[in-house]
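> let's see this in three dimensions:
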Amino acid sequence: MFAGCGAGPSSNPTTCHKALWQGSFVEVDSLTLTFLLGRLGRLTETMTTDICAEAATTPAEIRVLAYLVHASEHTARPSDVARFVVQTSGGLTATLSRLESAGLIERRPDPTDGRGKLIVLSGDGRRLHDTVITRLTDATTTAVADLDLDDVGTHLRDLIIALERAAGLPTSAGFVAKPLGVHG
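Reported below is the predicted structural model:
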C-alpha cells in the first residue's frame, strides 16, 4: 500500500490520489479501469443500499422517486422511468407495485394514450425521497470531502457519456439534481 492510501485514520485520499497519479502506481489501462469502475459502482451501491434499508426502502425505489422528483409535474411514463433507472420492464413493474402499495406513487391514466399509464409522485413519496437523499448526500459529502468535485465531475460525466454511448442509451451526463426543497 502506498503512503496515505490505507483504510485507517491516517489515510488521506488527496495524498493517495497524488501518489497514484505521479508515477508511484501503474497507469490505468482499459482492463484496470473496468475493474475500478466496477468497484466504484459496488461501493456506491452498498452505501445506497445501507442508507435505503435504514428507511425501509430500496435503491431501485429511490431511483424511481428521484426521477419523478425531477420530472415535469412529478409525472412520467413508465418507459421513461425505466430508461433512466436502467431497470427491466419486469423489475420496474415490481418496483412500481411496491411504491404504489406503500402510497409513494400513484398510477393514473395517460390522457394522451388511452392504454397507457402515468406514474405520479405522492407527498409521502417526496418526503421519503428527501429523507434518503439527505442521508446519501451527507454520506457522500463526508466520503469525498478531500476531492476536487469539479474535476471529478468532469471526468465522471465523460465516462458516463462514453459508457451510455456504448450501451446505446441516451445520455444522462447533463443531469443536474435539484437541491432539496426545490419543488418545480
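
> what about the helices in this structure?
Secondary structure of the chain, counting by DSSP state H: helices at 13-19, 30-54, 59-70, 78-85, 89-101, 123-143, 149-167.

> helices and strands around the third one, which ones?
Other elements packing on helix 59-70 under the criterion 3 or more C-beta pairs under 8 Å, 6 or more residues apart in numbering; DSSP states H and E are helix 30-54, strand 75-76, helix 78-85, helix 89-101, strand 105-110, strand 113-121, helix 123-143. Using the backbone N, CA and C atoms, a C-beta is placed for each residue, glycine as well.

> would you turn the helices of the chain into a markdown table with mean neighbour count?
Rendered in a markdown table, the data for these read as follows (neighbours: other C-beta atoms under 10 Å):
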| stretch | mean neighbour count |
| --- | --- |
| helix 13-19 | 15 |
| helix 30-54 | 12 |
| helix 59-70 | 22 |
| helix 78-85 | 17 |
| helix 89-101 | 15 |
| helix 123-143 | 15 |
| helix 149-167 | 12 |
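
> excluding its backbone neighbours, what's nearest Ser104?
One thing to correct before we go on: residue 104 is Leu, not Ser. Residue nearest to Leu104 in three dimensions, not counting chain neighbours: Gly125, with 3.5 Å by C-beta to C-beta, 6 or more residues apart in numbering.

> what sits against that neighbour?
Leu65, Leu68, Leu99, Gly103, Leu104, Ile105 (C-beta atoms under 8 Å, 6 or more residues apart in numbering).

> tell me which two of those sit farthest apart.
Leu68 and Gly103 (13.8 Å; C-beta to C-beta).

> pLDDT score for the closest residue to Gly174 other than its chain neighbours?
In this structure, Gly174 finds its nearest non-sequential neighbour in Arg157, 7.9 Å apart by C-beta to C-beta, 6+ apart. The confidence metric pLDDT takes the value 88 at Arg157.

> same check on the one 4 residues further on?
Ile161 carries a pLDDT score of 90 in this model.

> measure it to Thr44 for me?
18 Å (C-beta to C-beta, to the nearest Å).

> who touches stretch 98-113?
For stretch 98-113, contacts defined as C-beta under 8 Å, 6+ apart pick out 58, 61, 64-65, 68, 75, 77, 96, 116-122, 124-125, 128.

> output the below-cut-off pLDDT ranges for the chain.
In the predicted model of the chain, residues 1-26, 178-184 satisfy pLDDT under 70.

> repeat the analysis, applying 90 as the threshold.
Within the chain, the stretches with pLDDT under 90 are 1-30, 32-33, 79-80, 82-91, 112-115, 153, 155-157, 160, 164, 167-184.

> center of it - which residue?
Arg63 (6.7 Å; C-alpha atoms, centre = their mean).

> list the residues that contact that one.
Phe84, Val85, Gln87.

> surely the second one meets Leu92?
Okay, so that is Val85. Yes: with contact defined as C-beta atoms under 8 Å, Val85 counts as touching Leu92 (7.2 Å).
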